[in-house]
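J.: No letters, just coordinates:
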Ligand SMILES: [Zn+2]
């Protein structure tokens, strides 16, 4: 099977709507740092576990000290053509919605209307004690008022992706707390070892139920939370199309695999829609 954009569009036009499952590979072209996980930790080789965050104040302090340096890059990122292509597919009625493993909200900012944030959203912070939700911007402003953040451009990255932050920066870091009750606050994302809320999972299954096929873009499906939806779609006899460079855990399940960089393929898809007023996909 050809890996051209024409091949992709032919597949998408053959039956619809599709549901897209997107991962980090769709946001890297927006300058979102490639996290080892989806927790929003930056410059840290060890992804934090949910239980560590909840029970260990030192681990929390370390998380926030690094996340404080990574967040500005996420906040400054803009959607790219991959996001734009999915907006267009939705507008044409070819896409029922997007299930994203990304926490950057770029699909919504691009204009996609039906989006499920499977792993939550990094732009919100939630109190584990009273449940108050605060915007990350407000929390980041607090962090920057109470800490002297080092200049990240001067940091040396080690081969394992960790950075040599000044010891005292981490140990002296003032972690944020709930402004309402003084409790422990956590970014609105699902850490490793954490659980995707069951209403969110149910929403995903419903989106797949009303779709005719699943399109995975830019994810190796390394975590079960995404892989199970591929299995669910395949169990319904629906085609599974994967756009990813490198292996995925669903390669043996898929009907088509495009191994090119997903960004370039989706960018060509966006350009196709920009350059044509026809909608031959409905043929
Ligand atoms: Zn609280």
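T.: Nice, thanks for sending it over. Remember, it's a predicted structure, so these values are computed and weren't measured experimentally. Numbering: from 1, shown residues only.

J.: The residue nearest to residue 79 when sequence neighbours are not counted: neighbouring residues, count only.
T.: Closest residue to residue 79 apart from its sequence neighbours, by CB to CB, 6 or more residues apart in numbering: residue 110 at 3.6 Å. C-beta coordinates here come from the backbone N, C-alpha and C atoms, glycine included. Using other CB atoms under 10 Å, residue 110 is surrounded by 21 other residues.

J.: show me the contacts for residue 110.
T.: Counting by CB atoms under 8 Å, 6 or more residues apart in numbering, residue 110 touches 79, 83, 84, 86, 87.

J.: How much space separates it from the ion?
T.: Going from residue 110 to the ion by CB to the ion, to the nearest Å gives 32 Å.

J.: Then residue 20?
T.: 35 Å.

J.: what comes into contact with the host helix or strand of that residue?
T.: Here residue 20 sits within strand 18-22, counting by DSSP states H and E. Residues outside strand 18-22 that contact it (CB under 8 Å, 6+ apart): 12, 82, 86, 89, 94-102, 107, 207-208, 211-219, 226, 229-230, 233, 241.

J.: Could you list which of these belong to helices?
T.: Among those, the members found in helices (DSSP state H) are 12, 82, 86, 89, 107, 207, 208, 226, 229, 230, 233.

J.: So for the residues you listed, which is the shakiest by pLDDT?
T.: Here the lowest pLDDT out of the ones in helices among the contacts of strand 18-22 sits on residue 226, with 89.

J.: what about it, distance to residue 30?
T.: 20 Å (CB to CB, to the nearest Å).

J.: Could you list the low-confidence segments of this structure?
T.: For the chain, residues meeting the criterion pLDDT under 70 lie at 1, 33-46, 156-163, 277-283.

J.: which parts of the stretch 101-250 of the chain sit against the ion?
T.: 127, 129, 130, 132, 178, 180, 181, 183 (CB under 5 Å from the ion).

J.: Helices - which of the residues you listed land there?
T.: Counting by DSSP H, these contribute nothing to helices.

J.: Sitting in strands, which of the residues you listed do you find?
T.: residue 127 (DSSP state E).

J.: Give me the buried subset of the residues of the stretch 101-250 of the chain next to the ion.
T.: The neighbour-count test (16 or more other CB atoms under 10 Å) marks 127, 178 as buried among these.

J.: and the residues of the stretch 101-250 of the chain next to the ion as a markdown table, adding distance to residue 65?
T.: Shown next, in a markdown table, are these (distance: CB to CB, whole Å):
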| residue | distance to residue 65 |
| --- | --- |
| 127 | 20 |
| 129 | 22 |
| 130 | 24 |
| 132 | 23 |
| 178 | 18 |
| 180 | 23 |
| 181 | 23 |
| 183 | 19 |
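
J.: Which residue is the nearest non-sequential neighbour of the residue nearest the centre of the chain?
T.: Centroid-nearest residue in the chain: residue 102, 0.6 Å away (criterion: CA atoms, centre = their mean). In space, and not counting its chain neighbours, residue 102 is closest to residue 27: 5.2 Å by CB to CB, 6+ apart.

J.: I'd say the one you found and residue 106 touch.
T.: Yes: in terms of CB atoms under 8 Å, residue 27 counts as a neighbour of residue 106; the distance is 5.9 Å.

J.: Mind listing the shared neighbours of those two?
T.: Residues touching both residue 27 and residue 106 by CB under 8 Å, 6+ apart: 77, 80.

J.: the more surrounded of these two?
T.: Between residue 27 and residue 106, counted using other CB under 10 Å, the more crowded position is residue 27 (28 against 23).

J.: can you tell me how far that one sits from the ion?
T.: 30 Å.

J.: for that residue, what are its contacts?
T.: Taking CB under 8 Å, 6+ apart, we find residue 27 in contact with 77, 80, 102, 104, 106, 218.

J.: which one of those residues is nearest the ion?
T.: Taking CB to the ion as the measure, the ion lies nearest residue 104 of the contacts of residue 27, at 25.0 Å.

J.: Test my guess that residue 25 contacts residue 264.
T.: No: here residue 25 lies out of contact with residue 264, judged by CB under 8 Å, at a distance of 11.0 Å.

J.: Many thanks, have a good one.
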